[in-house]
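> Here is the input, now give the coordinates:
(2 chains)
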Number of protein chains: 2
Amino acid sequence: MMMKSIDLKALDAEDTLNSLKKEFYQPDGVIYLDGNSLGMMPRIAAQRVQEVTRQQWGHDLITSWNKHQWIDLPQKVGDRIGGLIGAAPGQTVCCDSISVNLFKVLASALRLRPGKTKIVSTEDNFPTDLYMVQGLEALLGESQCHLKLVNEAELAQAIDEQTVAVLVTEVNFRTGRRLDIEELCAAAHNAGALCIVDLAHSTGVLPVALDNWQVDFAVGCTYKYLNGGPGAPAFVYAAKRHQHAMQQPLYGWMGHSNGFTFSPQYQPADSIQQMLVGTPAIIAMSAVDAALDVYDKTSISAIRQKSMKMTEVFLKLLALSAPCRELRCISPQAAEERGSQLSFEFDHAWGVCQALIKSDIIADFRAPCYLRFGFSPLYNSFQQLGEVVSELEQIMHEKRYLKPEFQTRHKVT
Amino acid sequence: MMMKSIDLKALDAEDTLNSLKKEFYQPDGVIYLDGNSLGMMPRIAAQRVQEVTRQQWGHDLITSWNKHQWIDLPQKVGDRIGGLIGAAPGQTVCCDSISVNLFKVLASALRLRPGKTKIVSTEDNFPTDLYMVQGLEALLGESQCHLKLVNEAELAQAIDEQTVAVLVTEVNFRTGRRLDIEELCAAAHNAGALCIVDLAHSTGVLPVALDNWQVDFAVGCTYKYLNGGPGAPAFVYAAKRHQHAMQQPLYGWMGHSNGFTFSPQYQPADSIQQMLVGTPAIIAMSAVDAALDVYDKTSISAIRQKSMKMTEVFLKLLALSAPCRELRCISPQAAEERGSQLSFEFDHAWGVCQALIKSDIIADFRAPCYLRFGFSPLYNSFQQLGEVVSELEQIMHEKRYLKPEFQTRHKVT
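Numbering: from 1, shown residues only, chains lettered A, B, ... in the order given. Okay, the predicted model is just below:
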């Protein structure tokens, strides 16, 4: 489709990332704008999973811990992820979930700022981030840990001398708004507080510079833009300067300075290894490791350029379509101010999302009334955007979202 | 090999589990007595991993959360594991690692017994179990949580009115000694304490009866006798009677009573679901699910019978070999009193283990000087035991463990 004044075919032709699309398995006829929820499957990840399962587990069995360096996988994958988020080696490990990793860094932050009690975050941060603070609050008592919620614009001024840390997600999961982490980090440090960043919607698609920004701790996800597979292990970053003093409370044998002595007394590793807890999830982490290979063929800066272009083009296409103007964009208008997504408010957002899915266009819905499109520069093309807007235009025009089958909400969207 | 007076071939011929061996991938020429560290690969697990990766992730993408019921997998797999450990449905979920799950149940126990502070455990419990208590102790302060270590024989009498819970592993990872959980549970309850059991070396090989024994909380592993794959997610059990009052502090969105409303306020699920934290590890958990299919073809009681017979036969074979008498068995002499393993103390245990591995016989070494053999009735045969003892006899006779190449210890055994 040639969308009015925008030559999408030409944009694809000049796209330097276009050749990477073939690295991913593409289901026939499906347009996938949900890579911010679950990334597509890199072909190499499927191959690696099979190899690790059949050859390493099946054939080499327990010897694989040494033979295939399973034991080093959390650090190896961690450092590879570190390379995408501006973290020098030795500060990132792959393990557990974002939620569990947040618990580790929140508790660590509390110990690094004795006497302080406040964790500052935003009302519309991703819920699990807030829940983990609430869990610590319940465990330690409000006199030891207390969550203060403000809106994004008030964040910097809410950091005071009682603040342990500011806890922010760089890209808001609903609106796609991108926060200025460097600025928040400076504000936190000025007040003697720490800065903890959730990179769930940043890693692999935005130019993150943890070391340069002086971020203290960060967590992130590998199953969105990194394409590591459903429920793949997350990662955690702790700046080198905190690794000696930090003490995360999930004392597991993998975080012990010398776990295979099986000593009954915990002795934390004096390094990022301390963030490890239980036995690493080898099969799942191998998929992440393989998925990262795709990143060796490009750069975050090229990905970000294409991502901004895609969101700009998508908005332009929508602006050209009268029926689509009913969808109110809640993402920032300037590409620099948003992540790789666009979200729209509409009373019938759920129905629209279902109608799109019925036409093999996968976007997602977020309660109560948001339609969310994620753009993955590694496998999405500009021509796909034209097809999506064309279909969306028809759905909006025909009010196809009002069909009875779309009246009930399913469990997960 | 026909080992003196024991007809191993006949034992295999009359073994009703013998036919299950073909369900597992068997590397050529390898005898694997390390299923208590990492179980062998069920062929169906490899197939399922491939299907979940290529078809469900690759092809169906995000829709698989509903289409393939990914969202229910932790409960589904949990209930299937529950069936093997005497737990009625709705009390077991598959998630995270044993270590992280221990943190949840330890913190839950503390809240269920306000004013009490002591966790009683054994000096030689698996280290990570003790570490998790030490982590809570460091987080909450010793006045709130305190670890009391005794030896196994003193456990029952160490439980007093200040005791929150007794924390025990049913089968000791070094000695293989099996504790009487029902008795300990009664002792704990008599003193107003709870009973927390680690089933790492029990699940899938011993007749566990959590509900009948009135156990309060349990955790366990799926990569040992359950053959779920390296670093596969663990499980956690919480007795129904505690599910309303319990409050585990790792407040994650998957443990929320209605996580997909994305409410900023945590509201714990009033069920075992509360034990969930982050996004479930779908690929890894699917391998566990498939591995459990093998259990549908037999019973824990048949497995236990064969397991006891195997350890008895192994000891008899060793007793018939003069050079092997140098290996001092540290496991209980009565089969009923041990799990599915036998451990031997010997100064050169590490060298013996390496010499065995060189002959394609995989056992394991545990510091400082233990040689450990695990028996997996699902895939080990009696004739294999003869071959192992025969090789062991030669190693001991030739002192092959003293070869220079075995003088340095490698990282993981």
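> so what's the closest residue to chain B within the stretch 1-150 of chain A up against?
At 2.4 Å from chain B, residue A:97 is the closest residue in the stretch 1-150 of chain A, using Cβ to the nearest Cβ. In this view, the C-beta of every residue, glycine as well, is placed from N, C-alpha and C. Contact analysis of residue A:97 by Cβ atoms under 8 Å, 6 or more residues apart in numbering or on different chains lists A:231, A:233, A:234, B:96, B:252, B:277, B:278, B:279.
> What average pLDDT does the longest strand anywhere in chain A get?
For chain A, the strand with the greatest residue count under DSSP state E is strand A:163-169. Averaged across strand A:163-169, pLDDT comes to 98.
> Neighbouring strands - and their directions - for that strand?
strand A:118-122 (parallel), strand A:194-198 (parallel) (DSSP bridges).
> Secondary structure element holding residue A:185?
Assigned by DSSP states H and E, residue A:185 belongs to helix A:181-190.
> can you tell me if the lowest-mean-pLDDT helix or strand in chain A touches chain B.
Least confident helix or strand, chain A: strand A:364-366 with a mean of 92, by mean pLDDT, DSSP states H and E. Yes - part of strand A:364-366 sits near chain B under the criterion Cβ under 8 Å from any Cβ of the partner chain, namely A:364, A:366.
> Mind jotting down where the helices sit in the stretch 251-400 of chain A?
For the stretch 251-400 of chain A, helices defined by DSSP state H, counting those that start in this stretch occupy the ranges A:282-291, A:300-319, A:349-358, A:382-398.
> quick one, the first one and helix B:282-291 angle?
What separates the directions of helix A:282-291 and helix B:282-291 is an angle of 140 degrees, with axes from the mean of the first three to the mean of the last three Cα atoms, to 10 degrees.
> Now do helix A:282-291: everything it contacts.
Contacts of helix A:282-291 (Cβ under 8 Å, 6+ apart): A:39, A:42, A:44-45, A:47-49, A:52-53, A:56-57, A:64, A:70, A:73-74, A:76-77, A:80, A:94, A:222, A:226-229, A:231-233, B:49, B:53, B:229-232, B:281, B:283-284, B:287.
> Return the subset of those residues lying in helices.
A:44-45, A:47-49, A:64, A:73-74, A:76-77, A:80, B:49, B:283-284, B:287 (DSSP state H).
> residue ranges with poor pLDDT in the stretch 51-200 of chain A?
Along the stretch 51-200 of chain A, segments meeting pLDDT under 70 are nowhere present.
> before we move on, back to that, farthest pair within the ones in helices among the contacts of helix A:282-291?
Using Cβ to Cβ, the two most remote members of those are A:80 and B:287, lying 23.7 Å apart.
> The two: which has the busier surroundings?
residue B:287 (32 against 21; other Cβ atoms under 10 Å in any protein chain shown).
> Tell me how far the more buried one lies from residue B:92.
Residue B:287 is 18 Å from residue B:92, where distance means Cβ to Cβ, to the nearest Å.
> Would you check that residue A:125 makes contact with residue A:170?
No - assessed by Cβ atoms under 8 Å, residue A:125 is found out of contact with residue A:170, at 10.8 Å.
> who touches both of the two?
What both residue A:125 and residue A:170 touch, as defined by Cβ under 8 Å, 6+ apart, is the set residue A:198.
> can you list the weak-confidence ranges in the stretch 301-413 of chain A?
Looking at the stretch 301-413 of chain A by pLDDT under 70, you get A:404-413.
> 80 - rerun?
In the predicted model, the stretch 301-413 of chain A carries pLDDT under 80 at residues A:403-413.
> Quick check, residue A:85 in contact with residue A:220.
Yes - between residue A:85 and residue A:220 there is a contact at 7.2 Å, judged by Cβ under 8 Å.
> Can you work out which residues contact both of these two?
Taking Cβ under 8 Å, 6+ apart as the contact rule, residue A:85 and residue A:220 both touch A:199, A:202, A:203, A:237.
> With neighbour count as extra columns, can I get those residues in a markdown table?
Compiled in a markdown table, the shared contacts of residue A:85 and residue A:220 are given as follows (neighbours: other Cβ atoms under 10 Å in any protein chain shown):
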| residue | neighbour count |
| --- | --- |
| A:199 | 29 |
| A:202 | 27 |
| A:203 | 25 |
| A:237 | 29 |
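> Filter those residues down to the ones in strands?
residue A:237.
> out of the shared contacts of residue A:85 and residue A:220, which one sits closest to residue A:139?
Closest to residue A:139, out of all of the shared contacts of residue A:85 and residue A:220 and judged by Cβ to Cβ, is residue A:237, at 23.7 Å.
> What's opposite the closest one in the beta bridge?
Where residue A:237 sits in a bridge, its partners, by DSSP bridges, are residue A:92, residue A:218.
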